[in-house]
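K.L.:
generate a structure from the sequence data that follows.
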Amino acid sequence: MLQNEWENNNIRTVTVKHVDAEKYKVSDMLTVGKEYTVVNETEEYIFVKDNSGKVGGYYKTYFS
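P.N.:
Numbers count the residues shown, from 1 in each chain. Predicted coordinates for the structure are as follows:
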């Protein structure tokens, strides 16, 4: 499983600018103003180690 290999990647850090989601509840896994380590990135998503300690994929619009 790829996400297990991503655990040790440290591409860069990003800061959460908002958690206003239309469809899903994101506020439990991301905290506004907190920096997260990016482990992988695609055109639409950023994969970070979130508040649960696991890798999660989120839209790039949440980050600055």
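K.L.:
ok, now how distant is the residue most central in space within the chain from D28?
P.N.:
Geometric centre of the chain, nearest residue: V48, 3.4 Å, by CA atoms, centre = their mean. Per CB to CB, to the nearest Å, V48 is found 14 Å from D28. Just so you know, the C-beta spots here come from the backbone N, C-alpha and C atoms, and that holds for glycine as well.
K.L.:
now do the helix or strand containing V39, average pLDDT.
P.N.:
According to DSSP states H and E, V39 maps onto strand 35-41. Mean pLDDT, computed over strand 35-41, is 92.
K.L.:
quick one: strands adjacent to it?
P.N.:
Applying DSSP bridges, strand 35-41 is found paired with strand 12-15 (antiparallel), strand 45-49 (antiparallel).
K.L.:
which stretches in this structure count as helices?
P.N.:
2-6 (DSSP state H).
K.L.:
hmm, back to that, winner for burial among the strands paired with strand 35-41?
P.N.:
Mean neighbour count (mean count of other CB atoms under 10 Å) peaks for strand 45-49 among the strands paired with strand 35-41, with a mean of 20.
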